[in-house]
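*Asks:* sequence and predicted structure below; questions after.
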Amino acid sequence: EVQLVESGGGLVQPGGSLRLSCAASGFTFGVHNMNWVRQAPGKGLEWVAYINSGSTTIYYADSVRGRFTVSRDNAKNSLYLEMNSLRAEDTAVYYCARDPLGGDWFDSWGQGIQVTVSS
Amino acid sequence: DIPMTQSPSSLSASVGDRVTITCRASQTILTYLNWYQQKPGKAPTLLIYSASSLQSGVPSRFSGSGSGTDFTLTISSLQPEDFGTYYCQQGYSSPITFGQGTRLDIK
């Protein structure tokens, strides 16, 4: 069974930093491209970042570029999101989401982790 | 960016009804269009990919159609468990973008 489990969320002050992790199991993590998607309270879904299987191609949403860094460790079956210079508008539930092989959609999602940016 | 517009934003329907949700892209996205269902407090789940392909395990009452800029998600006979919010998503070009969502309530 495919499992994605996020961790590392919490309450942080504006300007602070946080590192999210996503532990993958039940599939060959190292061959799948991965993403982070977030959802602000009461709002819709917003794609945040993409990293391909070999970490050679990375994309970011304009809203986080220069502040967030996505990375992965295929040996540890883990995906990461380093978030710096956090703002109130980064408050959201953050999901890691898997691309299927050869697909442009998200076929498996983690349960989500809350990040709250507030003083 | 390719903005995605869903309609309606919300709807209420009865069990057994046929329900249609539309999604429009600001430019052609061929058939790079996917649909998700999200229930309160839960992660989204994939329903339809590539405009019309049913994800494994999804009931056959769900179907998708369309190409270019206009797409439709149809639930042929609404069931009580189909409540939630539905999102379309384009995978044609980066950045990936979602529609604003359609909230579906059961009468």
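*Replies:* Yep, it's here.

*Asks:* so what's the residue count around residue 73?
*Replies:* Defaulting to chain A. A total of 13 residues lie near A:Asp73 under the criterion other Cβ atoms under 10 Å in any protein chain shown. Backbone N, C-alpha and C define where each C-beta goes, glycine included.

*Asks:* wrong one, I was asking about chain B
*Replies:* Neighbourhood size, B:Leu73 [other Cβ under 10 Å]: 26.

*Asks:* check the spacing between it and A:Gln39 real quick.
*Replies:* From B:Leu73 over to A:Gln39 the distance is 20 Å, taken as Cβ to Cβ, to the nearest Å.

*Asks:* over to A:Phe68?
*Replies:* A:Phe68 sits 16 Å away from A:Gln39, going by Cβ to Cβ.

*Asks:* what's near enough to touch the residue nearest to the spatial centre of chain A?
*Replies:* Nearest to the mean C-alpha position of chain A, by Cα atoms, centre = their mean, lies A:Trp36 at 2.9 Å. When contacts are counted by Cβ atoms under 8 Å, 6 or more residues apart in numbering or on different chains, A:Trp36 touches A:Leu20, A:Cys22, A:Trp47, A:Val48, A:Ala49, A:Val70, A:Leu79, A:Leu81, A:Tyr94, A:Tyr95, A:Cys96, A:Ala97.

*Asks:* up against chain A, what does chain B have?
*Replies:* For chain B, the residues in contact with chain A (Cβ under 8 Å from any Cβ of the partner chain) are B:32, B:34, B:36, B:38, B:42-46, B:49-50, B:55, B:87, B:89, B:91-92, B:94-101.

*Asks:* in strands, which of those residues fall?
*Replies:* Residues of these located in strands (DSSP state E): B:Asn34, B:Tyr36, B:Gln38, B:Thr45, B:Leu46, B:Tyr49, B:Tyr87, B:Gln89, B:Thr97, B:Phe98.

*Asks:* from memory the first one sits against A:Asp107, does it?
*Replies:* Pointing back at B:Asn34 there. No - using Cβ atoms under 8 Å as the test, B:Asn34 is too far from A:Asp107 to be in contact (9.3 Å).

*Asks:* okay, the two: which has more neighbours?
*Replies:* A side-by-side neighbour count of B:Asn34 and A:Asp107, using other Cβ under 10 Å, places B:Asn34 first with 28 against 18.

*Asks:* ignoring the adjacent residues along the chain, who's closest to that one?
*Replies:* Spatial nearest neighbour of B:Asn34, excluding adjacent residues (Cβ to Cβ, 6 or more residues apart in numbering or on different chains): A:Trp105 at 4.0 Å.

*Asks:* next, that neighbour: secondary structure please.
*Replies:* The three-state label given to A:Trp105 by DSSP: H, G, I helix; E, B strand; the rest coil is coil.

*Asks:* please name the residues that touch it.
*Replies:* When contacts are counted by Cβ under 8 Å, 6+ apart, A:Trp105 touches A:Asp99, B:Asn34, B:Leu46, B:Tyr49, B:Ser50, B:Gln89, B:Gly91.

*Asks:* OK, contacts around the closest residue to A:Gly103 other than its chain neighbours?
*Replies:* Using Cβ to Cβ, 6+ apart and skipping the chain neighbours, the partner closest in space to A:Gly103 is B:Tyr49 (6.4 Å). Contact partners of B:Tyr49, counting by Cβ under 8 Å, 6+ apart, are A:Pro100, A:Gly103, A:Trp105, A:Asp107, B:Asn34, B:Trp35, B:Gln55.
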